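J.: Structure for this input, please:
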Amino acid sequence: MELANRDEIERRLARVVSKDLRGELEKLLAYLGDPPNLNNIPHDYWQNGWRSIQKDVEPVLLDVYLQQADDLMAGIGIGVEWDMINTTASNWARTHTESLLKELFDKRYDHLNTTVPRFYEEGWNLGQLRAELERWYNPRRAEMIAITETTRAAVEGERALSEQLEKESGIKLIPVWQTANDERVCPLCGPKHDKEITDNFYPPAHPNCRCWVVYRLPKVQA
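T.: Residues are numbered from 1 along each chain as shown. Below you'll find the model as predicted:
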């Protein structure tokens, strides 16, 4: 089902991520020094620096996950063992944010290792180096992360509830892909609108994906 307060959640998460990314950019520039030297950045930063972002992002995604699971349960009118949903939610939020942010830091590491040499090869000043790095740490990047991961958390919460329902009651809900069904829907998601999901491929289908899923009871149970 569509996330009721999506815009508010996306804005909140985007603000959090944007603030954290700005902080990481300033930290990196301070490490690099003048003139910039990649060897100045501690190895531990690339291994664990993402944890400072995780503590801000994980609770937001956890809330979305649980909210959507709860809303779906209310919508179908059949309860499940909620302790199991809580446990699954906590595990998912932790492991997913770890994976997401480790990947983000790996990409920043690769980008930095190709960008700093250009500082010397092309005769940049520090302002030009900052401008190049800001492409990876700007508010638009934070907004993209917020939109994509809000979609993911909402869908995963519903999937967890659906799977728990099947385990406890034997009722297998039918997931159906939904889009805004307007001219802004992308060519990848458009053909999926109102189609049953049979291939285990769920939203988000791409960065900035705002699709959602509705669940229908099998006809004999409906």
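
J.: Tell me if I am right that residue 72 is in a strand.
T.: No. Counting by DSSP: H, G, I helix; E, B strand; the rest coil, one finds residue 72 to be helix, located in no strand.

J.: Touching, it and residue 214? I think so.
T.: No. Judged on CB atoms under 8 Å, residue 72 makes no contact with residue 214 at a distance of 9.2 Å. Bear in mind the C-beta positions are built from the backbone N, C-alpha and C, glycine included.

J.: Mind listing the shared neighbours of the two?
T.: Common contacts of residue 72 and residue 214, defined by CB atoms under 8 Å, 6 or more residues apart in numbering, comprise residue 1.

J.: what helix or strand does residue 118 sit in?
T.: helix 82-121 (DSSP states H and E).

J.: Just the buried positions in that helix, please.
T.: Using 16 or more other CB atoms under 10 Å as the test for burial, helix 82-121 gives 85, 88-89, 92-93, 96-97, 100-102, 104-105, 108, 112, 115-116, 119.

J.: Could you list every helix and strand in contact with whatever helix or strand comes next after that helix?
T.: Later in the chain than helix 82-121, the nearest helix or strand by DSSP H and E is helix 126-134. Judged by 3 or more CB pairs under 8 Å, 6 or more residues apart in numbering; DSSP states H and E, helix 126-134 is in contact with helix 6-32, helix 82-121.

J.: of all these, which lies closest to residue 146?
T.: Closest to residue 146 of these is helix 6-32 (CB to CB; 3.8 Å).

J.: helices and strands around that closest one, which ones?
T.: Using 3+ CB pairs under 8 Å, 6+ apart, helix 6-32 sits against helix 51-76, helix 82-121, helix 126-134, helix 139-169.

J.: and that helix, average pLDDT?
T.: Mean pLDDT, computed over helix 6-32, is 97.

J.: what do you get for stretch 183-195?
T.: Computed over stretch 183-195, the average pLDDT equals 95.

J.: Please export the C-alpha coordinates of stretch 151-169 as PDB.
T.: The C-alpha trace of stretch 151-169 is given here as PDB (Å, rounded to 0.1, in the frame of the first residue of the first chain):
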ATOM      1  CA  THR A 151      10.600   3.000  -1.000                       C
ATOM      2  CA  ARG A 152      12.700   0.000  -0.100                       C
ATOM      3  CA  ALA A 153      11.900   0.100   3.600                       C
ATOM      4  CA  ALA A 154       8.200   0.400   3.000                       C
ATOM      5  CA  VAL A 155       8.200  -2.600   0.500                       C
ATOM      6  CA  GLU A 156      10.300  -4.700   2.800                       C
ATOM      7  CA  GLY A 157       8.100  -4.100   5.800                       C
ATOM      8  CA  GLU A 158       5.100  -5.300   3.800                       C
ATOM      9  CA  ARG A 159       6.900  -8.300   2.500                       C
ATOM     10  CA  ALA A 160       7.900  -9.300   6.000                       C
ATOM     11  CA  LEU A 161       4.300  -9.100   7.200                       C
ATOM     12  CA  SER A 162       3.100 -11.100   4.100                       C
ATOM     13  CA  GLU A 163       5.700 -13.800   4.700                       C
ATOM     14  CA  GLN A 164       4.900 -14.000   8.400                       C
ATOM     15  CA  LEU A 165       1.100 -14.300   7.600                       C
ATOM     16  CA  GLU A 166       1.800 -17.200   5.300                       C
ATOM     17  CA  LYS A 167       3.900 -19.000   7.900                       C
ATOM     18  CA  GLU A 168       1.300 -18.600  10.600                       C
ATOM     19  CA  SER A 169      -2.000 -18.900   8.700                       C
END
